[in-house]
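Got a predicted structure plus its sequence, pasted below:
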There are 2 protein chains.
Amino acid sequence: MSTLPVTPRTRLARRAERGSFDRATIDAILDEALVCHIGFALEGQPYVLPTVHVRIGTRLYVHGSVGSRMLRALREGAQVCVTVTLLDGLVLARSAFHHSMNYRSVVVLGSAQEVTDPEEKRRVFAALLEHIVAGRSREVRAPDDIETRATTVLSLPIEEASAKIRTGPPLDDERDYAQPCWAGVLPLKLTAGAPLADPALAPAVGLPQSLQRYRRAR
Amino acid sequence: MSTLPVTPRTRLARRAERGSFDRATIDAILDEALVCHIGFALEGQPYVLPTVHVRIGTRLYVHGSVGSRMLRALREGAQVCVTVTLLDGLVLARSAFHHSMNYRSVVVLGSAQEVTDPEEKRRVFAALLEHIVAGRSREVRAPDDIETRATTVLSLPIEEASAKIRTGPPLDDERDYAQPCWAGVLPLKLTAGAPLADPALAPAVGLPQSLQRYRRAR
């Protein structure tokens, strides 16, 4: 079991019992989440933008248009924070104060590098598709040279990172347990509805198996 | 219809057609989302942390322990970015390049102020509970003076903000429409499962109506 080093920046100042530096725990959260939130600063103003990511081994990859302000800032080596959050439930206590949420989150700190090799970029594009729907990269037209050049790919090492996890029922004060108030957890999950075919779908194209029982949670 | 001013920091550099500065649009996204991601910088390092928020009128409120590093940094007036993202679907195109997601997101920029008046703090606590479950603030024990003092509440004006929204089917290149590849949207939604009662629940406490058909999407 591989464990990441704790740094002053990833040490949990509060609720340390919820923290984990175990690589397998961190990887599983990164892999389940469809989007991450990327934090970076421009002229002292922090920005947080959502985007799709994918993990390959010990690196995290994001991509976007060559014209993206965010990617331009990041590929110049700016410090970055990538955060992923999976919401698992509402924790409903007997007191307002002890309400909480069950969640699994990961924070990755560092600075990104641009991926310039076209072959490596193509591997990342395929992995991004596989990240959202298993098998998708073999069903679609792969990016051509123009599309590959028009896309910036950045990679961030998953070295300074931590997970934070809350599970289980509410923890109320002793004095409140006898209250006639419902308490417990309302589980939450990102679920897929029935696939909506593109109105312009070519005739006789069936739904791939990967989309017939799409589930996000592993 | 109230519209927020566009600033150089909220102007959408890319995909401007997806942007909105309409206050009702922004408010609806903030209200539906259970959590936000707060971005702030400490000694040049950006951090992004998830937390629950609530909107009251034209202000956004977050709260946490008095000991929280994030809240301590923010209440000293640090620049902040609060981002909320609702994931509505996977957009599956015929080409890898045109894959996307349907989403609704909001970015709010500014700096926060601490709420110190105990009465106002209590109104925010109640609103936070109502934000997660309608009616909940009347079912539970309200925060006492010690709990109120132990909680930092910050408010951020929703003045410099923008929404970004993608909806609808994939938009492929003309050359790809004839491909025998399924294309369309896989809708995604945060859904609630069956409520799990706290094993320590007092006898004969029933499930409140607000939890019997909990739905997040408005």
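The structure has been received and is ready for your questions. Numbers count the residues shown, from 1 in each chain, chains lettered A, B, ... in the order given.

Residue A:130 should be in a helix, yeah?
Yes - applying DSSP: H, G, I helix; E, B strand; the rest coil, one finds residue A:130 inside a helix.

Regarding the residue lying closest to it once chain neighbours are set aside, what is its secondary structure?
Leaving aside its sequence neighbours, residue A:130 sits nearest to residue A:137 (C-beta to C-beta, 6 or more residues apart in numbering or on different chains; 5.4 Å). (Glycine included, C-beta is placed from N, CA and C.) Assigned by three-state DSSP, the conformation of residue A:137 is helix.

which residues touch residue A:137?
Residue A:137 is in contact with A:125-127, A:129-130, B:96, counting by C-beta atoms under 8 Å, 6 or more residues apart in numbering or on different chains.

Let me see the contact set for residue A:148.
A:118, A:121-122, A:125.

mind running it again at 7 Å?
The contact partners of residue A:148, taken as C-beta atoms under 7 Å, 6 or more residues apart in numbering or on different chains, are A:118, A:121-122.

which regions of chain A sit below the pLDDT cut-off?
A:1, A:218 (pLDDT under 70).

ok, now with 80
Residues of chain A that meet the criterion pLDDT under 80 lie in A:1, A:13-14, A:217-218.

does the residue of it most remote from its centre count as helix, strand or coil?
Centroid-distance maximum for chain A: residue A:178 at 39.3 Å, with C-alpha atoms, centre = their mean. Secondary structure assignment for residue A:178 (three-state DSSP): coil.

any chance of the contacts of residue A:148 in JSON lines, with neighbour count and distance to chain B too?
Output for those, formatted as JSON lines (neighbours: other C-beta atoms under 10 Å in any protein chain shown; distance: C-beta to the nearest C-beta, whole Å):
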{"residue": "A:118", "neighbour count": "12", "distance to chain B": "14"}
{"residue": "A:121", "neighbour count": "21", "distance to chain B": "11"}
{"residue": "A:122", "neighbour count": "16", "distance to chain B": "9"}
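
Identify the residue nearest the residue farthest from the centre of chain A in space, chain neighbours excluded?
residue B:202 (5.7 Å).

Please determine how far that neighbour is located from residue B:210.
18 Å (C-beta to C-beta, to the nearest Å).

Equivalent analysis for residue A:101, please.
For residue A:101, the distance to residue B:210 - C-beta to C-beta - is 17 Å.

and these two? which has more neighbours close in?
residue A:101 (20 against 17; other C-beta atoms under 10 Å in any protein chain shown).

Which phi and psi values does residue A:186 adopt?
phi -100, psi 110 (degrees, to the nearest 10).

Am I right that residue A:124 is in a helix?
Yes - per three-state DSSP, residue A:124 lies within a helix segment.

Surely it and residue A:152 touch.
No - counting by C-beta atoms under 7 Å, residue A:124 sits too far from residue A:152 to count as a contact (10.8 Å).

any idea where the helices of chain A begin and end?
A:23-32, A:69-75, A:118-132, A:145-149 (DSSP state H).

For chain A, just list every one of the strands.
Taking DSSP state E, the strands of chain A run over residues A:19-20, A:35-42, A:45-56, A:59-65, A:79-92, A:100-111, A:113-115, A:151-157, A:160-166, A:184-192, A:196-197.

Just the buried residues of the contacts of residue A:137.
Neighbour counting by 16 or more other C-beta atoms under 10 Å in any protein chain shown classes A:125-126, A:129-130, B:96 among those as buried.

so which of those residues comes closest to residue B:186?
Set against residue B:186, the nearest of the buried ones among the contacts of residue A:137 by C-beta to C-beta is residue A:129 (13.0 Å).

show me the contacts for that closest one.
Here residue A:129 is in contact with A:136-137, A:140, B:96, B:99 (criterion: C-beta under 7 Å, 6+ apart).

For residue A:29, see how far away it is.
The value you get for residue A:129 to residue A:29, if C-beta to C-beta is used, is 20 Å.

sorry, back to before: deepest in the core, which of the helices of chain A is it.
helix A:69-75 (a mean of 20; mean count of other C-beta atoms under 10 Å in any protein chain shown).

which strands and helices sit next to that helix?
strand A:35-42, strand A:151-157 (3 or more C-beta pairs under 7 Å, 6 or more residues apart in numbering or on different chains; DSSP states H and E).

ok, residues contacting it?
Contacts of helix A:69-75 (C-beta under 7 Å, 6+ apart): A:38, A:40, A:42, A:47, A:49, A:64, A:80, A:112, A:114, A:152, A:154, B:13.
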